[in-house]
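Trainee: need a 3D model of the following:
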Amino acid sequence: MTRSAGSPGSAGRKITEKLSADVLKASTGRDWEAWFALLDAWGATARTHTQIARHLTDDLAVDGWYAQSITVGYEQERGLRAVGQSSRGDWQTSGNRTVEAPVERCEAAFTDPGVRRRWLPGSEFSLRTHRAGKTLSADYAGGRLSVRFTPKGEAKTQVSLAHTKLADARAVAAYKTFWKERLAVLKTLLEK
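Mentor: Numbering: from 1, shown residues only. The predicted structure follows:
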């Protein structure tokens, strides 16, 4: 969600990449401004990410996913972290694509160097861990790549990836675009 230039404290900065105020309110009973006011009154700027999220789940009965989204949005709005920055201070981006192909073919696009070269440029991919049919991690482009394969039927798979340990916000922006393009190429390749 991006605030309009006329809203309080905005200067057009991005609050969160995931939820609009309307979706947040429909799902949690409060919009961003109400959550921010509640967390400010609780003293959240002096708390850790874990403490804020735990307060939302344990004390305010917010679902875990929404609690994380609210916590990240709050931290970004209050300048405790930038968009793309984790609570530990490192930089990361993510992407996903649903592909009309079974898990095994999607997985091979990462584990088979010949297939990987057809959609992912560069030779700096180094496999670290691999749980067949589920996940893998690799060193890639100076960062760490974590990939999850979620079957959506016999011949359909959601490929979700996180690229962590990036250098800075500029790298986050560049890799966000990069992974959107690369996952589109992967989809085209595997759906032939």
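
Trainee: G122 falls within a helix, correct?
Mentor: No. Going by DSSP: H, G, I helix; E, B strand; the rest coil, the assignment for G122 is coil, not a helix.

Trainee: quick one, domains of this structure?
Mentor: As given by automatic domain parsing, the domain ranges for the chain are 1-83, 91-190.

Trainee: make JSON lines out of those and add mean neighbour count and mean pLDDT.
Mentor: Yep, even glycine has a C-beta here, placed from its N, CA and C like the rest. JSON lines is the format used below for the domains of the chain (neighbours: other Cβ atoms under 10 Å; pLDDT from 0 to 100):
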{"stretch": "domain 1-83", "mean neighbour count": "16", "mean pLDDT": "80"}
{"stretch": "domain 91-190", "mean neighbour count": "16", "mean pLDDT": "93"}
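
Trainee: over to the nearest residue to V62 once chain neighbours are set aside: give its phi and psi.
Mentor: The shortest distance from V62 to any non-neighbouring residue, by Cβ to Cβ, 6 or more residues apart in numbering, is to L56 (4.2 Å). Note on L56: backbone dihedrals following degrees, to the nearest 10 are phi -60, psi -40.

Trainee: could you measure from L56 over to G142?
Mentor: Distance, L56 to G142, by Cβ to Cβ, to the nearest Å: 34 Å.

Trainee: so A162 versus L136, what's the distance?
Mentor: 12 Å.

Trainee: now the common contact residues for the two.
Mentor: Counting by Cβ atoms under 8 Å, 6 or more residues apart in numbering, the common neighbours of A162 and L136 are S146.

Trainee: what's the helix or strand for the residue nearest to L120 when sequence neighbours are not counted?
Mentor: If the residues on either side of it in the chain are set aside, L120 comes closest to R182, at 6.0 Å by Cβ to Cβ, 6+ apart. Element membership for R182 (DSSP states H and E) is helix 169-190.
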